[in-house]
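A.B. asks: fold the following, please.
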Amino acid sequence: MTDVDLRAAARLCELDPVASVLAAARIESLLAGGSTRGGSALWGVERDGRLEALCWAGANLVPVCAPEDDAALDAIAATALRQGRRCSSIVGEAGTVLGLWERLSASWGPAREVRADQPSLAISAPPAVEPDPQVRLTAPDELGVLLPACVEMFVEEVGYSPLTGAPGAYEARVRSLVRDRRSYLRMIDGPLGPEVAFKAELGAVTRAVAQVQGVWVAPSLRGRGLAAPGMAAVVAAALATTPTVSLYVNRYNERALATYRRVGFEQVGTYATVLF
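C.D. replies: Next comes the predicted model:
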């Protein structure tokens, strides 16, 4: 289940690049750094010398496997049980994640939350909404203004502060997105100085897909039409270097779904997330 060939793993992810982008981004990063094997963070299932399923085991557990492949899910679950839970979530294609969770829940449960129906949306054409010209890449010296907005978004989405984990880990993640030119924002002049009105990040990027994460509008500015033009600006920027832009969203978040559809996103699958 370990020592997976990274090139074979990348080819497997190419079969469904939107569903596998979270794992593929890690795999491509290792390849770009000169690695050829996945090590302990990448588990694989082979049949007759052919890689047919894999799982990225990092801060999140990300299985890439056909949901009907019971033998592969059994093998991934057995490895996860031997290792013990080290992840904060299981995330990926809904059938695969829920099938894996069915096998793990007796030992790893209860989960804090299971989000079983998260439409996976994608766009490969120019946005249908005029991009907001004030949305731009975040400058390195704006980290101090951006970080509180990122924390507020995380608390709203997940239910606890990301600053409660390993000291400095979340700030380092935000800093790396800014450094790698994957953080976008729109600023306004607030009563106490510059404030973030809108923000979003390209949280996972491969040669085929850029997945948007962390979309957020300041609460005081919601309902004023900032989200769709802001997303359109992020999409337009990402499509300049990546063929497809994707994201996933909770089914119950009808306002967000309507916004993304206005921009031109279409549903191409369904994600699920198990939160611990």
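
A.B. asks: hey, let's count contacts and neighbours off CA atoms from now on
C.D. replies: Will do.

A.B. asks: buried residues in stretch 19-37?
C.D. replies: By neighbour count on 16 or more other CA atoms under 10 Å, the buried set for stretch 19-37 is 19-28, 31, 36-37.

A.B. asks: relative to its centre, which residue of this protein is most distant?
C.D. replies: Centroid-distance maximum for the chain: Pro191 at 33.3 Å, with CA atoms, centre = their mean.

A.B. asks: how close does that one get to Val151?
C.D. replies: Look at Pro191 and Val151: by CA to CA, to the nearest Å, they are 20 Å apart.

A.B. asks: kindly report the same for Ile123.
C.D. replies: From Ile123 to Val151 the distance is 27 Å (CA to CA).

A.B. asks: try Trp108
C.D. replies: 27 Å.

A.B. asks: and the two? Which one has more around it.
C.D. replies: Set Trp108 next to Val151 and count neighbours by other CA atoms under 10 Å: Val151 wins out with 19 against 14.

A.B. asks: that one reaches Val158, doesn't it?
C.D. replies: No: shown here, Val151 and Val158 do not form a contact pair, counting by CA atoms under 8 Å, at 10.3 Å.

A.B. asks: quick one: low-confidence ranges for this protein?
C.D. replies: In the predicted model of the chain, residues 1-2 satisfy pLDDT under 70.

A.B. asks: how about the helices in it?
C.D. replies: Per DSSP state H, the chain carries helices over the ranges 6-13, 21-32, 70-83, 94-108, 143-158, 169-179, 227-239, 254-263.

A.B. asks: so what touches the fifth one?
C.D. replies: Which is helix 143-158. For helix 143-158, contacts defined as CA atoms under 8 Å, 6 or more residues apart in numbering pick out 160-163, 171, 174-175, 178, 194-196, 214-216, 218.

A.B. asks: hmm, try it at 10 Å
C.D. replies: 112-113, 138-140, 159-163, 170-171, 174-175, 178, 183-185, 187, 193-201, 214-219, 250, 275 (CA atoms under 10 Å, 6 or more residues apart in numbering).

A.B. asks: next: the third one.
C.D. replies: The contact list for helix 70-83 (CA under 10 Å, 6+ apart) reads 1-2, 43-47, 52-55, 57, 61, 63-67, 84, 86, 96-97, 99-104, 107-108.

A.B. asks: kindly recompute the last result at 8 Å.
C.D. replies: 1, 43-45, 53-55, 65, 67, 96, 99-100, 103-104, 107.

A.B. asks: also the second one?
C.D. replies: Contacts to helix 21-32, defined as CA under 8 Å, 6+ apart, come from residues 6-7, 9-10, 13, 17, 36, 38, 55-56, 62-64, 92, 204-206, 209-211.

A.B. asks: ditto for the last one
C.D. replies: For helix 254-263, contacts defined as CA under 8 Å, 6+ apart pick out 127-129, 227-229, 231-232, 249, 251.

A.B. asks: quick one: buried ones out of those residues?
C.D. replies: With burial judged by 16+ other CA under 10 Å, the buried subset of these is 127, 129, 227-229, 231-232, 249, 251.

A.B. asks: TSV for the residues you listed, including distance to Ala240?
C.D. replies: TSV is the format used below for those (distance: CA to CA, whole Å):
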residue	distance to Ala240
Pro127	12
Val129	16
Ala227	20
Ala228	19
Pro229	17
Met231	14
Ala232	13
Val249	23
Arg251	29
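
A.B. asks: quick revisit: the contacts of helix 21-32, buried ones only, as a PyMOL selection?
C.D. replies: Command for PyMOL, covering only those of the contacts of helix 21-32 found buried under the criterion 16+ other CA under 10 Å:
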select buried, resi 6+7+9+10+13+17+36+38+55+56+62+63+64+92+204+205+206+209+210+211
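
A.B. asks: in strands, which of the contacts of helix 21-32 appear?
C.D. replies: Within the contacts of helix 21-32, residues falling in strands by DSSP state E are 55-56, 62-64, 92, 204-205, 209-211.

A.B. asks: can you add distance to Ala78 and give those residues back as JSON lines?
C.D. replies: Listed next are the ones in strands among the contacts of helix 21-32 as JSON lines, based on distance: CA to CA, whole Å:
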{"residue": "Cys55", "distance to Ala78": "12"}
{"residue": "Trp56", "distance to Ala78": "14"}
{"residue": "Val62", "distance to Ala78": "15"}
{"residue": "Pro63", "distance to Ala78": "13"}
{"residue": "Val64", "distance to Ala78": "15"}
{"residue": "Gly92", "distance to Ala78": "18"}
{"residue": "Ala204", "distance to Ala78": "27"}
{"residue": "Val205", "distance to Ala78": "29"}
{"residue": "Val209", "distance to Ala78": "30"}
{"residue": "Ala210", "distance to Ala78": "31"}
{"residue": "Gln211", "distance to Ala78": "29"}
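
A.B. asks: okay then, goodbye and thanks.
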